[in-house]
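Asks: give me coordinates for this.
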Amino acid sequence: MIKETKVNAAILIIGNEILSGRTQDTNSNTLATWLNSLGVKVEEIRIVPDIEEKIILTLNLLRKSYNYVFTTGGIGPTHDDITAESVSKAFKLNYETHKEAFKILEAYYKPGEFNEGRQKMVKMPSNAKLILNPTSGAPGFSVENVYCLPGVPSILKSMLGGLKNDIVGGELIISKTINLRTVESEIASSLSKVQNENKDVEIGSYPFFQAGKLGVSIVLRSEDEKKIENCNIKILEFVKEKNIEIVDR
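Replies: Modelled structure (predicted):
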């Protein structure tokens, strides 16, 4: 039997502040980069408001479609932090105080500081597995293939190290970038030909603006280094024919 090596994930960003533009999402970039390094390909990113019905509906769809789902935001102490309760309902589990999480935060705060608001952070789905938080104490949690992390970027990033052993990826995804001093219309036809001849390699083109001039970054992604190198050779051939400058970024 051939082992399936393709492992995928979705990211669900939860929070009105992201949709309003008040807060910029950087967590999806952090998660996608980290997952890619483990051989897990992020295939979808969604943003939903702090509305229970939408969180439940979206989460149930994603968790049945992907190997892993990561949520960010909505597990804090305020009234609009409803992710943990929504996840409980999505899995049809009790929403209750997690005893281990309670002990962690009770020890983390000074006497009298672990108030009712902060105790909300230890309520989560029954039997949830904790994701330890080395930065601010309050843990995240996981249920089956769903991993719930905080929305604060620095805290989220500090928690990923503790998850590495929980995530089983496929073959590592290799990426190669070629930066050209050109515009997309000049290379579109040639690049399409290379893509059609190399279906197993994901080829993307992304315009950039540097030093007052336009350019295009061609990004090659695959689990197979030889296939990437073959595409690279084909691209460099038409780049040379068209006399296009290769630049550093």
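Asks: any idea which helix or strand carries Phe141?
Replies: Assigned by DSSP states H and E, Phe141 belongs to strand 140-143.
Asks: beyond that strand, next helix or strand please.
Replies: Downstream of strand 140-143 (by DSSP H and E), the next one is strand 146-149.
Asks: I'd like the mean pLDDT over that following strand, please.
Replies: Strand 146-149 shows a mean pLDDT of 98.
Asks: other SSEs contacting it?
Replies: Contact here means 3 or more Cβ pairs under 8 Å, 6 or more residues apart in numbering; DSSP states H and E; on that basis strand 146-149 packs against strand 68-72, helix 83-90, strand 129-131, strand 140-143. All C-beta atoms are positioned from the backbone trio N, CA, C, and that covers glycine.
Asks: circling back to that earlier point, buried residues, the strand holding Phe141. List them.
Replies: Within strand 140-143, the residues scored as buried using 16 or more other Cβ atoms under 10 Å are 140-143.
Asks: which of these sits closest to Gly162?
Replies: Using Cβ to Cβ, Gly140 comes nearest to Gly162 of these, at 9.3 Å.
Asks: so for the helix or strand of the chain with the lowest mean pLDDT, what gets flagged as buried?
Replies: Across the helices and strands of the chain, the lowest-confidence element by mean pLDDT, DSSP states H and E is helix 116-119, at a mean of 90. When burial is assessed from 16+ other Cβ under 10 Å, helix 116-119 yields the following buried residues: Arg118.
Asks: and the helices and strands packed on strand 146-149 as a markdown table, adding mean pLDDT and distance to Arg249?
Replies: Shown next, in a markdown table, are the helices and strands packed on strand 146-149 (pLDDT from 0 to 100; distance: least, Cβ to Cβ, whole Å):
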| stretch | mean pLDDT | distance to Arg249 |
| --- | --- | --- |
| strand 68-72 | 97 | 29 |
| helix 83-90 | 97 | 37 |
| strand 129-131 | 96 | 35 |
| strand 140-143 | 97 | 35 |
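Asks: right, and the helix or strand after the strand or helix carrying Thr177?
Replies: According to DSSP H and E, Thr177 maps onto strand 174-181. Next along the chain after strand 174-181, taking DSSP H and E as the criterion, comes helix 184-197.
Asks: now that next one and strand 174-181, what's the angle there?
Replies: Relative orientation of helix 184-197 versus strand 174-181 (axes from the mean of the first three to the mean of the last three Cα atoms, to 10 degrees): 150 degrees.
Asks: tell me which other helices or strands helix 184-197 touches.
Replies: strand 202-210, strand 213-222, helix 225-241.
Asks: what sits against Glu245?
Replies: Counting by Cβ atoms under 8 Å, 6 or more residues apart in numbering, Glu245 touches 180-182.
Asks: in TSV: the residues you listed, plus pLDDT, neighbour count and distance to Lys103.
Replies: Supplementary listing: the contacts of Glu245 in TSV, determined by pLDDT from 0 to 100; neighbours: other Cβ atoms under 10 Å; distance: Cβ to Cβ, whole Å:
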residue	pLDDT	neighbour count	distance to Lys103
Leu180	95	22	57
Arg181	95	14	59
Thr182	95	22	60
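Asks: tell me the bridge partners for Ile178.
Replies: Ile218 (DSSP bridges).
Asks: so where's this structure shaky on pLDDT?
Replies: Counting by pLDDT under 70, the chain has low-confidence residues at 1-5.
Asks: domains in it, by residue range?
Replies: 7-166, 174-246 (automatic domain parsing).
Asks: what's the end-to-end length of the first one?
Replies: In other words, domain 7-166. From its first residue to its last, domain 7-166 covers 13 Å (Cα to Cα, to the nearest Å).
Asks: hang on, the earlier thing: and the helices and strands packed on helix 184-197, which is most packed in?
Replies: strand 213-222 (a mean of 18; mean count of other Cβ atoms under 10 Å).
Asks: out of the domains of the chain, deepest packed?
Replies: domain 7-166 (a mean of 18).
Asks: how far out from the middle of the chain is that domain?
Replies: 12 Å (Cα atoms, centre = their mean, to the nearest Å).
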